[in-house]
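> Compute the structure for the input listed below.
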Amino acid sequence: MVSPLTPGPSLSDMHTFELFAEIGVVLLMFSIGIEFSLHDLLRVKWVAIVGGPLGIVLSTALGLAVGAVLGWPPVQGLIVGMVVSVASTMVMARLLIDRGELHSRHGRVMIGITLVEDLAVVVLIVLIPTLGDALSAGRLLAVGRALLTAAVVLVPFVYLAAKVVPRLLERVARTRSDELFLLVTLALGLGTAALTQAVGLSLALGAFLAGLMISGSDYAHHTLARLLPLRDVFVALFFVTVGALVDPSSVIANPGLLATIVALVVVGKLVIWTAVVRIFRYPLATALTVAVGLTQIGEFSFILIQVARQAGHVGDDVYNATLAASLITILINAALVRTVPRWIGRARLARAARDEAAAAPRELSGHILLCGFGRVGSAVAEAFDTFGRAYVVIETDPEIVKGLRARGIPCVYGDAASRPLLEAAGAARAALVVIALPEVERVHQAVAHVRMLNPDAPILARAHESGARARLIAEGASEVIQPELEAAATLIRHVLRRLDLPRDAVLDYLERFRGAMDVAGDVPTEALPGVQSVVIGHGGLADQSLREARIRERFGVTVISVDRVGATRILHPSAETVVRTGDTVRVFGLPDQIAAFAQAAAGG
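Predicted coordinates for the structure are as follows:
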């Protein structure tokens, strides 16, 4: 909407925005390098080093073939194939971070491939001007010189990452100046990116290497925390720039060309990268997920198409169609990245439900059923192992399932919220069911299904949201564990123990605290805290949010719930909850604190 090529208000200096966009690319890749490690990259070295170039070659060949069918000049087909062969590291990394998948198996593969693509861009920039002519010895020499330059830059990196940068950051940290620390780390990131660009490599590659140097130090997390606000601002400007470069009139004049390029990116690359990743013996689900993440083009495609236009190989129509295709494929890619993994997961779980139904340990009875084997579930299972109790696990991670079965532990692969899988795991014959799933909706479904299959077995579940507890109890859970409440209770117990207070008094306090957090009935307030209901009168606290009323700060009481006539009870209300005249507020506190609060609530 603010493009110089569209009606209405427009950007007067696109070059400045392009510079800001480059800084966004640098800061994003810098932060990814900090979060990554050399070990992560080495785990995917073969699919990146061999598979990356193979994918580029196949994409280029596809562009040439499609161009021949459509009657394009051979050079134009080659150019389009090269342009669509390289994905946007910026877009892919942003989506991985948003979904928390940067360190997943497919995330590592995608990062490895795009880093190899960054290096390949250097070679393509040298090759594109020579298309249409035989490669001369001078051009081959230029390609060799570019690769040698890359090696010269990359070799010292290992020494700097291991010896120099950690010592530098340590000396800066000793100054205890956050401003100086931020400036030094920015200088490392921007400086390394500028150096790699000066020698003919990409900004993104240099910024990523700078981040890797910092990732090996003790200050990586502090650096990332300081960097994130700056990064997000400049990343937003990158996407503004992408949109502002598109010429709508040129795109409208050549819809067929645009559709062809979009199809090459979305369909062609999806097939190519799925096949390439499968060649390296990755599961089909991983291959599809990687391919979906690479079905877009961005900043490096801009560079290649500009070089081709300057060399006279393509006209303005191909240039503008490429820019428009980048915007369209980024939007399509964002939707695919969110939906395709969900489809894959459903398909895998449906197949697992069929396969596991026959292979499940049906002979077990009176066992413990453990739903979820993550950080919490695995810790619970260790307790079962210690005391020799038989249990069956339901888990969605195939690697975890494989490991458990290797240990001889009965395990069912799939989603514990699925009734067929619960039946296969013997939920109807279980003596106890523990649901350690992180997603609250899956917990609700699992509790409801288990209770229908087994009306008598105790069900222990966990819920991070305080409002979910009552619903889970209503659905049949025997006990609901709230991690935040348990953490608070444990911290209170340790604090009071450090104060050498009487053990019986501490335990009594904790019992009342837990009872209050569970929203039990009113507890008599003697010398220890209790729960009491207070009605809000006219004036005083009426028509104020809990934040505005500062109830905790002024009176020392904790608001447990708010009851309003004709409305649902609000359990553990947020700070933005507004109390009205006539509301009944249940609070936890000492007798004198509750008395002071009651006086204020009545309008005194």
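> Report the rounded mean pLDDT for the host helix or strand of A474.
Per DSSP states H and E: A474 is located in helix 468-475. What helix 468-475 shows for mean pLDDT is 80.
> Spatially central residue in the chain, please.
In the chain, the residue lying closest to the centroid (C-alpha atoms, centre = their mean) is G100, at 1.7 Å.
> What ranges does the stretch 351-500 of the chain have for its helices?
375-386, 398-406, 419-424, 440-453, 468-475, 483-498 (DSSP state H, counting those that start in this stretch).
> so what secondary structure elements neighbour the last one?
Applying 3 or more C-beta pairs under 8 Å, 6 or more residues apart in numbering; DSSP states H and E, we find helix 483-498 packed against helix 503-517. Heads up, the C-betas are built off the backbone N, CA and C, glycines and all.
> For the helix it packs on, the averaged confidence score.
The average of the pLDDT scores along helix 503-517 is 72.
> And that helix, how far out from the chain middle?
Relative to the centre of its chain, helix 503-517 is centred 38 Å away, using C-alpha atoms, centre = their mean, to the nearest Å.
> The helix or strand just after it: partners in the sheet, and parallel or antiparallel?
Following helix 503-517 in sequence order, the next helix or strand is strand 530-535 (DSSP H and E). Applying DSSP bridges, strand 530-535 is found paired with strand 584-589 (antiparallel).
> what comes up buried for the strand it pairs with?
Buried residues in strand 584-589, counted by 16 or more other C-beta atoms under 10 Å: V585, R586, V587, F588, G589.
> so after it, what's the next helix or strand?
helix 591-601.
> quick one: that next one to strand 530-535, angle?
10 degrees (axes from the mean of the first three to the mean of the last three C-alpha atoms, to 10 degrees).
> Summarise which helices and strands helix 591-601 is packed against.
For helix 591-601, where contacts count as 3+ C-beta pairs under 8 Å, 6+ apart, the packed elements are strand 530-535, helix 551-555, strand 584-589.
> redo that, cut-off 6 Å
strand 530-535, helix 551-555 (3 or more C-beta pairs under 6 Å, 6 or more residues apart in numbering; DSSP states H and E).
> For the longest one, buried residues please.
Same thing as strand 530-535. Buried residues in strand 530-535 (16+ other C-beta under 10 Å): G530, V531, Q532, V534.
> Export these to TSV and append columns for pLDDT and distance to L168.
Formatted as TSV, those follow (pLDDT from 0 to 100; distance: C-beta to C-beta, whole Å):
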residue	pLDDT	distance to L168
G530	76	57
V531	82	56
Q532	86	59
V534	90	59
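> where are the low-confidence patches of the stretch 151-300 of the chain?
151, 153-154, 158, 161-162, 216 (pLDDT under 70).
> the strands in it, which residues?
For the stretch 151-300 of the chain, applying DSSP state E, counting those that start in this stretch gives no strands.
> And the helices in it?
165-174, 178-198, 203-215, 220-244, 248-253, 255-263, 269-279, 284-293, 299-310.
> Which one of those helices lies nearest to A390?
Nearest to A390, of all the helices of the stretch 151-300 of the chain, is helix 284-293, at 31.1 Å by C-beta to C-beta.
> which helices and strands does the closest one pack with?
Using 3+ C-beta pairs under 6 Å, 6+ apart: helix 284-293 touches helix 105-127, helix 269-279, helix 316-359.
> rewinding a little: wait, which of the helices of the stretch 151-300 of the chain is closest to G33?
helix 203-215 (1.9 Å).
> contacts for that closest one?
Residues from elsewhere that reach helix 203-215, judged by C-beta atoms under 6 Å, 6 or more residues apart in numbering: 22, 25-26, 29-30, 33-34, 37, 89, 118, 157, 160-161, 165, 188-189, 192-193, 196-197, 220, 223.
> Likewise for stretch 166-178?
Outside stretch 166-178, the residues that touch it by C-beta under 6 Å, 6+ apart are L180, F181, V184, S217, Y219.
> Give me the buried subset of those residues.
With neighbours counted by 16+ other C-beta under 10 Å, those contain buried members at F181, V184, S217, Y219.
> Can you lay out the residues you listed as JSON lines showing distance to F387?
What follows is the buried ones among the contacts of stretch 166-178, written out as JSON lines (distance: C-beta to C-beta, whole Å):
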{"residue": "F181", "distance to F387": "49"}
{"residue": "V184", "distance to F387": "53"}
{"residue": "S217", "distance to F387": "43"}
{"residue": "Y219", "distance to F387": "43"}
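> who wins for proximity to W72 among the helices and strands packed on helix 284-293?
Among these, helix 316-359 sits nearest to W72 (C-beta to C-beta), with 9.2 Å.
> just checking, G52 touches V116?
Yes - the pair G52 and V116 qualifies as a contact (C-beta atoms under 6 Å) at a distance of 3.2 Å.
> Pull up the gap between S104 and D98, please.
13 Å (C-beta to C-beta, to the nearest Å).
> scratch that, F387 is what I was asking about
42 Å.
> before we move on, what about L27?
16 Å.
> picking up where we left off before, out of the contacts of helix 203-215, which are buried?
Here, 16+ other C-beta under 10 Å leaves 22, 25-26, 29-30, 33-34, 89, 118, 157, 160-161, 165, 188-189, 192-193, 196-197, 220, 223 buried among these.
> quick revisit: what would the buried residues of strand 584-589 look like in CSV with distance to I261 and pLDDT?
Listed next are the buried residues of strand 584-589 as CSV, based on distance: C-beta to C-beta, whole Å; pLDDT from 0 to 100:
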residue, distance to I261, pLDDT
V585, 62, 91
R586, 62, 89
V587, 63, 88
F588, 63, 83
G589, 66, 81
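> Can I get those residues in TSV including distance to D397?
Below are these laid out as TSV (distance: C-beta to C-beta, whole Å):
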residue	distance to D397
V585	44
R586	41
V587	43
F588	40
G589	44
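> of the residues you listed, closest to P7?
V585 (55.7 Å).
> wait, isn't L270 in contact with T295?
Yes - counting by C-beta under 6 Å, L270 touches T295, with 5.2 Å between them.
> Which one's more surrounded, the two?
Between L270 and T295, counted using other C-beta atoms under 10 Å, the more crowded position is T295 (26 against 17).
> so that one touches V271, yeah?
No - here T295 does not reach V271: they are 9.9 Å apart, not a contact under C-beta under 6 Å.
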